[in-house]
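Trainee: just to be clear, the model below is a prediction. Sequence and coordinates:
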Amino acid sequence: MKLIGNPKLKTSGSILLIPVDSIIPNPNQPRKVFNQSELEGLASSIRHNGIIQPLVVRRSENDKFELISGERRLRASKIVGLETVPCVLMSACDIQSALYAIIENIQRDNLNFFEEAESILKLSTLYGLSQQEIAKKLGKSQSSLSNKLRLLKLSPELRSVIIENSLTERHARALLKLNNDVERLKVLLYVIEKKLNVNDTDRYIENLLKPVCTKSEPKFKKLKDVKIFINTINHAVDTMRKAGIQAVSTEHETCEYYEYVVRIPKMTSSPVNIADYSVNAV
């Protein structure tokens with residue numbers, strides 16, 4: 001293992017000991033949250049066993065080295081107080097460096113789903129890669145990438161609440177069915193309070209999105225009760241027709257009620273003088 005001294009030395013692919021102060025963070029590091037207790041645990045392991053897997057770096061300006069992968073190991077090494085760390089020097093362009101950083105974190109499950117979505121978006125907007133190209137390089141389907149990117153429609157506030165409460169990606173996707181972040185936050189707080197799982201969350205949101213008319217409680221407990229009343233009216237109309245009265249009936253149904261209109265013509269020769277008569281089965 002060599003201690004790097006001359007930044008012009010062609011040592012790409014070799015394992016080198018590089019001063020910690022000479023390594024700068026990767027600007028494309030997708031991971032934003034680092035658990036301090038996990039870093040302390042990793043630092044304890046490094047203190048007793050050293051760094052088993054080298055960091056990966058590439059050359060930068062001013063005799064510096066830009067980190068490609070190994071952010072947690074670098075941070076833990078600083079906690080331990082190491083002056084140098086073993087590194088593999090790699091020749092990589094900006095796009096390759098960004099991809100390596102994302103791939104390493106994805107393979108290790110180090111990214112939450114929002115960080116992964118932000119990384120995918122950055123590859124697309126900053127480096128002009130298509131979703132198809134990104135999907136191929138990351139080993140994912142294009143539909144999976146599209147679903148990830150949709151998560152970024154949620155506000156940063158909502159994202160923080162979701163991650164802090166250890167909710168899943170499916171919880172987050174369920175919130176996208178709502179129209180705005182005000183409604184989403186209200187539902188999210190309810191989901192957290194009631195500790196709803198994904199299926200319960202989906203059902204709760206679906207009920208909220210149902211049309212008003214389907215949420216109103218009918219006054220008749222069973223549909224057959226309504227049919228009994230309608231049949232009674234039909235029987236009355238039939239009786240009038242058999243008696244020679246040319247009654248006409250029409251039905252109309254709304255979200256709130258059934259309307260049944262019976263129209264009876266006036267007959268001057270009849271002792272019965274009945275005006276138009278309406279029956280509403282509400």
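Mentor: Happy to help now that I have it. Residues are numbered from 1 along each chain as shown.

Trainee: surely residue 94 is in contact with residue 123?
Mentor: No. Using C-beta atoms under 8 Å, residue 94 is not in contact with residue 123, being 10.5 Å away. For every residue, glycine as well, the C-beta is placed using N, CA and C.

Trainee: who's more crowded, the two?
Mentor: Using other C-beta atoms under 10 Å as the criterion, residue 94 and residue 123 rank with residue 123 on top: 24 against 13.

Trainee: for this protein, which helix is longest?
Mentor: helix 223-242 (DSSP state H).

Trainee: for stretch 28-38, what is the distance to the chain centroid?
Mentor: Stretch 28-38 sits 21 Å away from the centroid of its parent chain (C-alpha atoms, centre = their mean, to the nearest Å).

Trainee: and the residue nearest to residue 103 when sequence neighbours are not counted, how far is that from residue 202?
Mentor: Leaving aside its sequence neighbours, residue 103 sits nearest to residue 138 (C-beta to C-beta, 6 or more residues apart in numbering; 6.4 Å). Distance check for residue 138 against residue 202: by C-beta to C-beta, to the nearest Å, it reads 28 Å.

Trainee: kindly report the same for residue 93.
Mentor: Per C-beta to C-beta, residue 93 is found 43 Å from residue 202.

Trainee: what ranges of the stretch 151-282 of the chain fall below the confidence cut-off?
Mentor: For the stretch 151-282 of the chain, the stretches flagged by pLDDT under 70 are 212-225, 252, 254-257, 267-282.

Trainee: how many residues are close by the closest residue to residue 175 other than its chain neighbours?
Mentor: Nearest residue to residue 175 in three dimensions, chain neighbours excluded: residue 184, at 4.5 Å (C-beta to C-beta, 6+ apart). Residues near residue 184, counting by other C-beta under 10 Å, number 24.

Trainee: do I have it right that residue 184 meets residue 154?
Mentor: Yes. If you go by C-beta under 8 Å, residue 184 and residue 154 touch, sitting 6.8 Å apart.

Trainee: who touches both of these two?
Mentor: residue 175 (C-beta atoms under 8 Å, 6 or more residues apart in numbering).

Trainee: what is the mean pLDDT for stretch 92-100?
Mentor: Averaged across stretch 92-100, the pLDDT comes to 79.

Trainee: what does it contact?
Mentor: With C-beta under 8 Å, 6+ apart, stretch 92-100 has contacts from 26, 28, 56, 58, 66, 68-69, 90, 119, 122-123, 126-127, 129, 137-138.

Trainee: repeat that with 6 Å
Mentor: 28, 58, 68, 69, 127, 137 (C-beta atoms under 6 Å, 6 or more residues apart in numbering).

Trainee: for ChimeraX, write a command that selects the buried ones of these.
Mentor: Paste this into ChimeraX to select the buried members of those, with burial taken from 16 or more other C-beta atoms under 10 Å:
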select :28,58,68,69
